[in-house]
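Asker: let me see the structure of the following:
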Amino acid sequence: MRTTYRMRAGRFLGILAAGLIILGVAALLWAFGLPGVAVSVFVTLGGLIALAGLWVLARPPKVARLRDNDIEVRGLRTPWTDITEAGRVQTTHGEAIVLRTKQPGHPILLPISWLAPKQVAELETTLRDHLNTAHGYTIWDGTAPEDDS
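Answerer: Below is the predicted model of the structure:
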């Protein structure tokens, strides 16, 4: 099973806004009677930027892709068995989910601000479940096993 987490779409509204501003400049240039070449350059540029903004809003970049055997965070693929723990840390850019690996000094950081708020709890639960499965852990229900003797 593969689960994909994407960046929060609101982070990319600026691209669409920049395209619309350039289209507005093109309208002003046309209104003031500037040559058609200048207007067409601004219309083309603004239109392409606005389309790119709409595309990114519709399909934000992937932050994490969780598979049965491995996890891919920002293009770095790591098997679940190589991850020793997952938790939260404070960084200079805010809070992040850290995946500590068997390689010392090479943690994988996933900034929480990149994700939609409702995705954070879901991602943490999914990470915990995948790590428990990969390392053979089960959740203890508080009872002792039956003695076979």
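Asker: just the buried positions in the host helix or strand of residue 132, please.
Answerer: Here residue 132, judged by DSSP states H and E, is contained in helix 117-135. Buried residues in helix 117-135, counting neighbours by 16 or more other CB atoms under 10 Å, are found at 119-120, 123, 126-127, 130-131, 134. Where you see a C-beta, it was placed from the backbone N, CA and C, and this is true even at glycine.
Asker: do the same with stretch 16-32
Answerer: Within stretch 16-32, the residues that qualify as buried are 16, 18-19, 22-23, 25-26, 29, counting by 16+ other CB under 10 Å.
Asker: mind jotting down where the helices sit in this protein?
Answerer: Ranges of helices within the chain are 13-31, 36-58, 117-135, based on DSSP state H.
Asker: any chance of CSV for the ones you listed, columns mean pLDDT and distance to residue 80?
Answerer: Shown next, in CSV, are the helices of the chain (pLDDT from 0 to 100; distance: least, CB to CB, whole Å):
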stretch, mean pLDDT, distance to residue 80
helix 13-31, 96, 35
helix 36-58, 96, 30
helix 117-135, 88, 3
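Asker: residue contacts, the closest residue to residue 56 other than its chain neighbours?
Answerer: In space, residue 56 comes closest to residue 12 once its chain neighbours are excluded; the distance is 4.5 Å by CB to CB, 6 or more residues apart in numbering. Neighbouring residues of residue 12 by CB atoms under 8 Å, 6 or more residues apart in numbering: 53, 56-57, 60.
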